[in-house]
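Trainee: Just to be clear, the model below is a prediction. Sequence and coordinates:
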Amino acid sequence: MQIYLPIAEMPVDPLVVIFMGGAVGFLSGMFGVGGGFLMTPLLIFYGIPPAVAVGTEASQIVASSVSGVLAHLKRKTVDFQMGGFLVAGGAVGAVIGIIIFRYFRAIGQIETFIAIAYVVFLGLIGGLMLLESMRALFRPAERPRARRKHRSAEWMAAMPFAMRFRRSQLYISPIPPIILGFFVGVLSAIMGVGGGFIMVPAMIYLLHMPTNVVIGTSLFQIIFVTAIATMLHAAANQTVDVVLALLLLAGGVIGAQLGVRAGLKLKGEQLRALLALVVLAVCARLLFGLVTPPASPFIVEAVS
C-alpha cells in the first residue's frame with residue numbers, strides 16, 4: 001500500500017516512512033539532538049525533493065523534541081532560563097535562514113546548496129565526535145580531579161548583563177547563548193535540523209553546562225526554533241507536506257521515548273562513537289551524490 005504526498009507530488013510506502021521517523025526519534029531522545037541531520041538526508045535518499053524534505057522535517061523534529069522534553073521534565077534536567085535565551089537568538093536566526101533558503105531556491109541551486117551544507121557540517125561534526133569518543137574509550141583510567149574554573153567561563157562572566165543560571169550552575173552573560181542560538185536557528189531553517197548535533201557539544205565545551213542538563217535544555221530550545229522554521233517554510237516556501245509530516249510524527253514520538261530510556265542505560269562513549277560513524281556514513285553518501293555525474297543530465301518535458 002502506498003500513500004500519495006500532495007506537496008512532494010509522489011507516492012510513498014507509509015510503513016517505511018514511519019520506521020524512519022521512529023529510528024530518528026530514538027536517536028533524538030538518546031542523544032538530545034533533533035535528528036534532522038539524519039532524517040533530511042534519509043528523506044532525500046528515499047526520493048523526497050530536498051526543499052520538501054527540509055521544510056517537512058522541521059515539523060517532525062518539533063514533535064519528537066516535545067516527547068523527549070516531557071521525559072526530561074520529570075528528572076528536572078531542563079534549564080528554562082538558559083533555554084529562553086537560546087530560543088531568542090534562534091528565532092532571529094530562523095528568519096535569516098529562511099531568507100537565505102529562498103534566495104538559493106529562486107536561483108535554482110537549493111538542492112546543491114543543501115547537499116554541500118550537509119557534507120561540510122556532518123563531516124566536521126562527525127569527525128570531531130569520533131575523535132573525542134575514541135580518546136575517551138582508550139584513555140587510561142584517571143583519578144577524579146577537583147573541578148577547576150574554566151577561563152572561558154570567566155571571560156563570559158566578564159561580559160555585559162552577566163547573570164546566574166541556577167539550574168546550570170553558571171554565572172555568565174546571556175550574550176554567548178543568544179549568539180549560539182542564532183547560529184543554530186540559521187542552520188535549522190536552511191538544513192531542516194534542530195541543531196542539537198551542534199548545540200549539545202557547544203553547551204558542554206563552550207558554555208560548560210552540566211551534561212545532565214544539556215540534553216533536556218537542547219530539546220527545549222529545539223521545540224520553539226524548529227516550530228518557527230516550520231511556520232516560515234509553510235508560509236514563504238510552501239514546502240511543508242502535512243501527510244509526510246504526520247507519518248514521521250507517528251514514528252518519531254514513540255521512538256523518542258524509547259531513546260530517552262536507552263540513553264540512561266548505555267555507555268556514553270560507545271554511543272557517541274556509534275553516532276559519529278552513522279553521521280560520517282551519511283556524509284559520505286551525500287558527497288558521493290555530489291561528485292558522481294547523473295545518469296540523465298538532461299530531462300525533456302512538454303511545456304504548456
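Mentor: Looks like it came in fine.

Trainee: For stretch 175-190, buried residues please.
Mentor: Of all the residues in stretch 175-190, those buried under the rule 16 or more other C-beta atoms under 10 Å are 176-178, 180-190. In this view, the C-beta of every residue, glycine as well, is placed from N, C-alpha and C.

Trainee: any chance of these in a markdown table, plus pLDDT, distance to residue 85 and secondary structure?
Mentor: As requested, the buried residues of stretch 175-190 are exported to a markdown table (pLDDT from 0 to 100; distance: C-beta to C-beta, whole Å; DSSP: H, G, I helix; E, B strand; the rest coil):
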| residue | pLDDT | distance to residue 85 | secondary structure |
| --- | --- | --- | --- |
| 176 | 87 | 9 | helix |
| 177 | 88 | 4 | helix |
| 178 | 90 | 5 | helix |
| 180 | 88 | 9 | helix |
| 181 | 89 | 7 | helix |
| 182 | 92 | 10 | helix |
| 183 | 89 | 13 | helix |
| 184 | 85 | 12 | helix |
| 185 | 87 | 12 | helix |
| 186 | 88 | 16 | helix |
| 187 | 83 | 17 | helix |
| 188 | 80 | 16 | helix |
| 189 | 83 | 19 | helix |
| 190 | 82 | 22 | helix |
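
Trainee: what about the stretch 51-200 of the chain, any weak spots by pLDDT?
Mentor: Judged against pLDDT under 70, the low-scoring parts of the stretch 51-200 of the chain cover residues 60, 63-64, 67, 137, 139-153, 157, 194-197.

Trainee: Going along the chain, name the helices of it.
Mentor: In the stretch 51-200 of the chain, the helices defined using DSSP state H, counting those that start in this stretch lie at 80-106, 110-138, 151-157, 175-191, 196-205.

Trainee: Need the winner for burial among those.
Mentor: Using mean count of other C-beta atoms under 10 Å, the stretch among these with the greatest mean number of neighbours is helix 175-191 (a mean of 24).

Trainee: so what does it touch, helix or strand wise?
Mentor: In terms of contact count using 3 or more C-beta pairs under 8 Å, 6 or more residues apart in numbering; DSSP states H and E, helix 175-191 is assigned the packing partners helix 36-46, helix 50-74, helix 80-106, helix 110-138, helix 196-205, helix 211-232.

Trainee: picking up where we left off before, nearest to residue 43, out of the helices of the stretch 51-200 of the chain?
Mentor: Closest to residue 43 of those, according to C-beta to C-beta: helix 110-138, at 11.2 Å.

Trainee: quick one: that closest one to helix 36-46, angle?
Mentor: Following axes from the mean of the first three to the mean of the last three C-alpha atoms, to 10 degrees, one obtains 130 degrees for the angle between helix 110-138 and helix 36-46.

Trainee: what angle do helix 110-138 and helix 50-74 make?
Mentor: Put simply, helix 110-138 runs at 40 degrees to helix 50-74, going by the same axes, to 10 degrees.

Trainee: in stretch 209-219, what counts as buried?
Mentor: Counting neighbours by 16+ other C-beta under 10 Å, stretch 209-219 gives 209, 213-219 as buried.

Trainee: What is the nearest of the residues you listed to residue 250?
Mentor: Of all the buried residues of stretch 209-219, the one sitting nearest residue 250 is residue 219; the distance, using C-beta to C-beta, is 19.2 Å.

Trainee: Turn the helices of the stretch 51-200 of the chain into TSV, including distance to residue 231.
Mentor: Converted to TSV, the helices of the stretch 51-200 of the chain look like this (distance: least, C-beta to C-beta, whole Å):
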stretch	distance to residue 231
helix 80-106	9
helix 110-138	19
helix 151-157	32
helix 175-191	11
helix 196-205	20
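
Trainee: now for those helices, which one comes closest to residue 253?
Mentor: helix 196-205 (16.6 Å).

Trainee: Off-centre distance for the closest one?
Mentor: 11 Å (C-alpha atoms, centre = their mean, to the nearest Å).

Trainee: elements contacting it?
Mentor: If contacts are counted by 3+ C-beta pairs under 8 Å, 6+ apart, helix 196-205 sits against helix 14-31, helix 110-138, helix 175-191, helix 211-232.

Trainee: Now render the ones you listed as a markdown table, adding distance to residue 241.
Mentor: Converted to a markdown table, those look like this (distance: least, C-beta to C-beta, whole Å):
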| stretch | distance to residue 241 |
| --- | --- |
| helix 14-31 | 11 |
| helix 110-138 | 16 |
| helix 175-191 | 17 |
| helix 211-232 | 11 |
